[in-house]
Structures are given as C-alpha cells and as structure tokens.
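1. no sequence for this one, just the structure:
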C-alpha cells in the first residue's frame with residue numbers, strides 16, 4: 001500500500017479538486033491519496049469528491065492554514081472515466097448553454113491551425129462567466145475526450161466545476177476509442193437529441 005501526496009497549498013478552487021482527480025487516475029496500485037490544502041472550503045470540496053467516488057476519507061488540521069485530506073484507494077481506476085463526475089468545487093455557474101463539438105479541429109483549411117484553434121476554444125469555454133450546462137462530443141470531436149488529447153486538462157477542469165461532459169458511444173466505437181475515454185461519460189444519440197432540444201442556446205465551434 002503506497003501513499004501519494006498532492007500539494008495544493010495556496011491553490012484556489014477548483015484546482016485542489018482537479019489535482020486530486022488527476023492523481024487518483026494516475027495511481028497504479030491501492031494506497032492512500034493525501035491532499036494538502038490551506039483552507040476549509042477545499043477540505044469540504046475534497047471530502048465531497050471522495051464521497052462521490054465512494055472512497056473512505058478523513059481530514060485533519062495540521063496547523064494554522066494547513067489541512068490534509070486522506071482518501072483510501074482500494075481499486076485503481078487508471079485513465080478510465082470515473083463512475084461519478086467530480087462534484088462542483090464552486091457555486092453552480094452553469095447556464096442553459098450546450099456546446100456541441102463534432103470535430104477535433106475548428107474551421108476549414110489547415111489541420112494544424114484547426115487543432116490549435118479548437119484547443120484555444122475549449123480553454124476559452126472554461127473562462128466564460130456562465131459555464132455551459134453540457135458539452136457534447138461526437139464524430140471527430142470524440143477524440144478530444146480520449147487519452148492523448150491536448151484538451152484533457154481543460155475538460156477535466158470544466159467537469160470539476162460541474163459541466164457535464166458527454167461523448168457519443170457509437171462514435172467512440174467507430175474510431176476504436178471505446179477504451180480510451182479519459183474524461184466525462186458515454187452517451188447515445190437519443191440523449192444527445194434531448195440535450196440539444198432542451199438547451200437555451202447551442203454553440204457549435
């Protein structure tokens with residue numbers, strides 16, 4: 001049983017949750033995940049995250065402005081998507097916006113430029129004052145939620161703030177990526193249609 005220590009001292013919400021989720025994915029054997037933070041809000045968020053992932057957790061105050069949250073990991077998950085999405089680390093800032101991504105590149109012309117534009121677009125989504133409620137990835141866009149995607153960090157931060165990340169299962173299967181999904185969960189066309197139909201606004205890059 002090993003121990004993994006994550007130093008999130010001085011980090012603002014939702015970074016401690018994002019770092020903890022990343023460390024959880026990287027654990028290759030059962031053990032303890034310790035996250036060190038400097039405020040009680042982070043302790044509460046991490047404790048809720050552990051409960052959402054069905055992990056036993058306890059917190060301890062080490063000193064003034066110094067806390068540690070320890071989670072007991074009995075079964076490593078690797079890069080597989082978590083059964084429960086990370087809990088929102090901040091007040092819900094999501095609106096009724098749905099972002100639909102059907103390609104790994106943005107626009108027509110240079111593929112390299114298109115890939116860079118898409119990475120910039122997904123980063124910019126996370127900077128919106130009102131985050132989208134759901135982000136849908138289908139056809140070529142399914143590659144963006146899989147291992148090797150340059151946008152995984154941005155998407156995981158969005159997920160940590162409560163944004164629903166959904167990827168078309170038929171698309172993953174078509175591209176041979178069923179086992180490669182690294183953020184969010186799998187969905188189907190019926191659910192995609194429901195999300196689009198119920199959206200207050202749909203943005204498609």
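-> Perfect, thanks for sending it. Predicted model only: the values in this text are computed from it and were never measured.
2. what residues go with each domain of the protein?
-> Per the record, the chain has its domains at 2-73, 97-203, by automatic domain parsing.
3. ok, and for the worst-scoring helix or strand of the chain on mean pLDDT, which residues are buried?
-> Taking mean pLDDT, DSSP states H and E as the measure, the helix or strand of the chain with the lowest value is helix 40-52, at a mean of 81. For helix 40-52, the neighbour count (16 or more other CB atoms under 10 Å) marks 42, 43, 45, 46, 47, 48, 49, 50 as buried. Yep, even glycine has a C-beta here, placed from its N, CA and C like the rest.
4. now the residues you listed in a markdown table, with distance to residue 183?
-> Formatted as a markdown table, the buried residues of helix 40-52 follow (distance: CB to CB, whole Å):
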| residue | distance to residue 183 |
| --- | --- |
| 42 | 22 |
| 43 | 25 |
| 45 | 19 |
| 46 | 19 |
| 47 | 22 |
| 48 | 19 |
| 49 | 15 |
| 50 | 19 |
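5. Show the subsequent helix or strand relative to the least confident helix or strand of the chain.
-> Later in the chain than helix 40-52, the nearest helix or strand by DSSP states H and E is strand 56-63.
6. and the angle for whichever helix or strand comes after that following strand with helix 40-52?
-> Where DSSP H and E defines the elements, the next helix or strand beyond strand 56-63 is strand 66-73. Put simply, strand 66-73 runs at 10 degrees to helix 40-52, going by axes from the mean of the first three to the mean of the last three CA atoms, to 10 degrees.
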